[in-house]
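**Student:** structure here, sequence nowhere to be found:
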């Protein structure tokens, strides 16, 4: 292998191969007609130095309303109830329930055995 640079013939554009200007695409062909919309005004909250407006579930002083607290509690209770029902319907949930019942029965038997040994 030689380290000598290889010469590349210079390629000048051939004027006979230039495209005809009348066949070139019109530059206005891809222009999109649009309307400029002004930017909305900046929010007037605590970040912009104005007065912060509390969320609708809070009073002016920032205290949650009774209705919002009740709704949150009901939502959490509903979620917990649903999760418990789904868990009880699963195979793993049924297995745990059976294990709990077996332990309860074993505890009752052991308690009865202790009571008999004490003479009651």
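**Tutor:** The structure has been received and is ready for your questions. Since the structure is predicted, the reported quantities are computational estimates derived from the model, not experimental observations.
**Student:** following element in sequence after the helix or strand containing residue 85, please.
**Tutor:** If you go by DSSP states H and E, residue 85 is part of helix 66-89. As assigned by DSSP H and E, the chain's next helix or strand after helix 66-89 is helix 91-117.
**Student:** between that following helix and helix 66-89, how big is the angle?
**Tutor:** 80 degrees (axes from the mean of the first three to the mean of the last three Cα atoms, to 10 degrees).
**Student:** what's helix 91-117 packed up against?
**Tutor:** helix 66-89 (3 or more Cβ pairs under 8 Å, 6 or more residues apart in numbering; DSSP states H and E). Placement of C-beta: from N, CA and C, glycine included.
**Student:** look up how far residue 105 lies from the residue nearest to residue 87 when sequence neighbours are not counted.
**Tutor:** Of all residues not flanking residue 87 in the chain, residue 93 sits nearest, at 4.2 Å (Cβ to Cβ, 6 or more residues apart in numbering). Noted for residue 93: a distance of 19 Å to residue 105, by Cβ to Cβ, to the nearest Å.
**Student:** among these two, which residue is more densely surrounded?
**Tutor:** The residue with more neighbours, out of residue 93 and residue 105, is residue 93; 14 against 10, by other Cβ atoms under 10 Å.
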